[in-house]
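A.B. asks: Following is a predicted model, sequence given first.
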Amino acid sequence: MATRTDLDGRPIKPITICMIGAGGFIGSHLCEKLMSETPHKVLALDVYNDKIKHLLEPDTLPWAGRIQFHRLNIKHDSRLEGLIKMADLTINLAAICTPADYNTRPLDTIYSNFIDALPVVKYCSENNKRLIHFSTCEVYGKTIGSFLPKDSPLRQDPAYYVLKEDTSPCIFGSIEKQRWSYACAKQLIERLVYAEGAENGLEFTIVRPFNWIGPRMDFIPGIDGPSEGVPRVLACFSNNLLRREPLKLVDGGQSQRTFVYIKDAIEAVLLMIENPDRANGHIFNVGNPNNEVTVRQLAEMMTEVYAKVSGEPSLESPTIDVSSKEFYGEGYDDSDKRIPDMTIINKQLGWNPKTSLWDLLESTLTYQHRTYAEAIKKSIAKPTAS
Ligand SMILES: NC(=O)c1ccc[n+]([C@@H]2O[C@H](COP(=O)([O-])OP(=O)(O)OC[C@H]3O[C@@H](n4cnc5c(N)ncnc54)[C@H](O)[C@@H]3O)[C@@H](O)[C@H]2O)c1
Ligand SMILES: O=c1ccn([C@@H]2O[C@H](COP(=O)(O)OP(=O)(O)O[C@H]3OC[C@@H](O)[C@H](O)[C@H]3O)[C@@H](O)[C@H]2O)c(=O)[nH]1
């Protein structure tokens, strides 16, 4: 491998990374990138490894010996501190992070996103290890603009909706709206990480992902996850398309999101890993402000793209409206709009997303079709036991 250099032209030394939650969606893409393009070693910690199996076996793979899987639950495993000590850098991705859980399993959500992350922060701080902690764009909650009258011209002013790491407030709903249990737990762990930096000198970076999507995100209910499970929107809509069912628009699909391709976002994480002087002490929005759509527009675009990649015509009525109470249950609430300000990540790391929403949906839905279409057909055809 030719000598790789950081953004300041210095050679990059190989390091060991303790990656917690390495078996998830983001973790699997990050492991893939680190194995194929860098000399770094990864201690991959998770309860599952299905999404990184292709990187672990067979042992003739070019990176064999640079990735080691440790099956453990960080809630109760005494090996955690030792593994953090063995590494130069810890990346914590472990979390419950599907909205269907926030209001229905609020205790698990708060424990997972706050309590279970505490020892990780403590061990990094006590052992002088660098930490990259994964937070979320949900810490911003709702936009200031959402509280203005519907016809107020100020709603069009970016000052009322663009989300900035160092100036935007965090605006959550009331306590009965348990949707915000996740955002609130993530906010408190961010504050703790930040305080460890300020008072004890912890070297940290906080990442706020804005709807990263792509292959291997979540699961398809009834195929590689529970039939009654509700994953994030990409997998929900993929499941509907694969089964030729209408896509369900929660409360009319009026909420707005910006989607970024996982492969673009992983480039940003690699820059953080390899440029500690530029990344330490910072909180970074990572998203694509150019890919904004309403959820309804996302449904329409996914329907069109899926018809193209599968060769199957779309349904006559491709969407159906459902209430959030029916879909998520009591206590659901929503973020209205999420546009990331990119000033800080641009200045520190020179990173910009590249892939358009159409292109990222085309490659992702091609993957979904190739991976799941046959399995869905078989599961539908299977005679039920009498
Ligand atoms: N994907 C996004 O767009 C997005 C957006 C905002 C924030 N995030 C944050 O990024 C991180 C990773 O998200 P993801 O999309 O890859 O989710 P994911 O659910 O695919 O991955 C999380 C992984 O953590 C593991 N995990 C959870 N609890 C654990 C425990 N106690 N011990 C060991 N492993 C455990 C899970 O098994 C899973 O493999 C999360 O912290 C999430 O809150 C992601
Ligand atoms: O079938 C569906 C699923 C979801 N939706 C809607 O689609 C939007 C996006 O839903 P997602 O499931 O992707 O979740 P959200 O964008 O609300 O939150 C996510 O954002 C950041 C991360 O921290 C988490 O991964 C998750 O909380 C929401 O408005 C939701 O109500 C539908 O209309 N239909």
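C.D. replies: Yep, it's here. Only a predicted model underlies this, so the values are computations on that prediction, with no experimental measurement involved. Residues are numbered from 1 along each chain as shown. Ligands and ions are numbered 1, 2, ... in the order given.

A.B. asks: ok, residues contacting the lengthiest helix in the chain?
C.D. replies: Secondary structure of the chain per DSSP state H: the longest helix is helix 357-381. Outside helix 357-381, the residues that touch it by CB atoms under 8 Å, 6 or more residues apart in numbering are 213-215, 217, 220, 222-223, 234, 238, 241-243, 259-261, 291, 293, 298, 301-302, 305-306, 308-310. (Glycine included, C-beta is placed from N, CA and C.)

A.B. asks: so does that helix get close to ligand 2?
C.D. replies: No - counting by CB under 6 Å from any ligand atom, ligand 2 has no neighbours in helix 357-381; the shortest distance is 13.4 Å.

A.B. asks: ok, how many other residues are close to residue 227?
C.D. replies: For residue 227, the count of nearby residues is 8 (other CB atoms under 10 Å).

A.B. asks: That one against residue 221, yeah?
C.D. replies: Yes - counting by CB atoms under 8 Å, residue 221 is a contact partner of residue 227 at 5.3 Å.

A.B. asks: residue contacts, the residue in the stretch 1-150 of the chain that ligand 2 sits nearest to?
C.D. replies: The stretch 1-150 of the chain approaches ligand 2 most closely through residue 136 (3.4 Å), counting by CB to the nearest ligand atom. Counting by CB under 8 Å, 6+ apart, residue 136 touches 97, 182-183, 186, 208-209.

A.B. asks: Which residues of the chain lie near ligand 2?
C.D. replies: 97, 99, 136-138, 211, 232-233, 236, 248-250, 253, 255, 257, 295, 334-335.

A.B. asks: how about the helices of this structure, start to end?
C.D. replies: Under DSSP H, the chain gives helices at 25-37, 53-56, 79-86, 99-102, 106-113, 118-126, 181-200, 233-242, 262-274, 276-279, 295-310, 324-328, 343-349, 357-381.

A.B. asks: Make a markdown table from these and add mean pLDDT and distance to residue 159 to it.
C.D. replies: Below are these laid out as a markdown table (pLDDT from 0 to 100; distance: least, CB to CB, whole Å):
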| stretch | mean pLDDT | distance to residue 159 |
| --- | --- | --- |
| helix 25-37 | 98 | 31 |
| helix 53-56 | 98 | 44 |
| helix 79-86 | 98 | 41 |
| helix 99-102 | 98 | 28 |
| helix 106-113 | 98 | 30 |
| helix 118-126 | 98 | 33 |
| helix 181-200 | 98 | 22 |
| helix 233-242 | 98 | 28 |
| helix 262-274 | 99 | 25 |
| helix 276-279 | 98 | 27 |
| helix 295-310 | 98 | 24 |
| helix 324-328 | 98 | 29 |
| helix 343-349 | 98 | 14 |
| helix 357-381 | 96 | 25 |
